[in-house]
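**Student:** quick one, what's the 3D model for this:
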Amino acid sequence: MILGLDISTSITGYTVLDGSGNLVEYGSIDTRKYKNFFTKVGVVEEKLISLRQSYAVQEIYIEQSLQSFRSGFSSAQTLSTLSRFNGVISWICFTLFKLEPEYLAAVSARRICGIKVPRGTKAKPVVLQFVLDNEPQFVVEYTNKGNPRPDSYDKADSWVIAKAGFDTWQQKNKKS
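**Tutor:** Modelled structure (predicted):
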């Protein structure tokens with residue numbers, strides 16, 4: 001089993017794939033209503049404990065947190081908080097599953113999955129559409145205005161990380 005995570009202090013997406021790369025479970029952990037950093041960590045940890053009890057996870061892949069500034073994007077404080085959160089959740093994964101998580105950059109994971117994001121286009125809608133087109137079990141819930149619910153993007157990102165992780169894992173196993 002492969003666990004893919006898209007970690008965020010607002011909504012964390014997770015995907016579990018079986019040994020053949022088939023979708024077993026996916027979902028999101030919404031921590032937006034919690035203001036305290038450690039409360040958010042505890043909520044994500046509870047779900048990870050549940051996943052550990054349900055599945056024999058052999059590999060964990062996590063979307064690498066942003067490392068640099070880009071105009072119009074996150075502030076230094078936001079990046080710092082996200083990195084801390086990513087680190088704490090990574091440590092929890094290590095202690096719960098006894099596995100060292102591997103990190104995949106979003107761009108690399110998309111490339112491995114064959115997702116092409118045209119220049120000047122936002123990646124999230126492209127990724128979501130790709131997952132909808134390629135994973136029959138993946139379902140999106142929509143808001144009253146007809147837009148995908150915010151957690152849809154996190155679920156899709158975690159699926160991409162899990163799929164890219166699965167491909168990476170397969171390549172590793174071919175070499176050994």
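**Student:** so what's residue 97 up against?
**Tutor:** 3, 52, 57, 60 (C-beta atoms under 8 Å, 6 or more residues apart in numbering). Bear in mind the C-beta positions are built from the backbone N, C-alpha and C, glycine included.
**Student:** same question but for residue 14, I mixed them up
**Tutor:** By C-beta under 8 Å, 6+ apart, the contact set of residue 14 is 3-6, 25-29, 47, 51, 158.
**Student:** show me the residues you listed that map onto strands.
**Tutor:** Secondary structure from DSSP state E places 3-6, 25-29 of those in strands.
**Student:** mind putting those residues in a markdown table, pLDDT included?
**Tutor:** Compiled in a markdown table, the ones in strands among the contacts of residue 14 are given as follows (pLDDT from 0 to 100):
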| residue | pLDDT |
| --- | --- |
| 3 | 98 |
| 4 | 97 |
| 5 | 97 |
| 6 | 95 |
| 25 | 97 |
| 26 | 98 |
| 27 | 97 |
| 28 | 97 |
| 29 | 97 |
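**Student:** in a markdown table, list those residues along with distance to residue 16.
**Tutor:** Rendered in a markdown table, the data for the ones in strands among the contacts of residue 14 read as follows (distance: C-beta to C-beta, whole Å):
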| residue | distance to residue 16 |
| --- | --- |
| 3 | 6 |
| 4 | 8 |
| 5 | 10 |
| 6 | 13 |
| 25 | 4 |
| 26 | 7 |
| 27 | 9 |
| 28 | 13 |
| 29 | 13 |
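**Student:** centre of the chain versus the helix or strand encompassing residue 163, how much separation?
**Tutor:** With elements taken from DSSP states H and E, the one containing residue 163 is helix 151-175. For helix 151-175, the distance from its own C-alpha centre to the chain's C-alpha centre is 9 Å (C-alpha atoms, centre = their mean, to the nearest Å).
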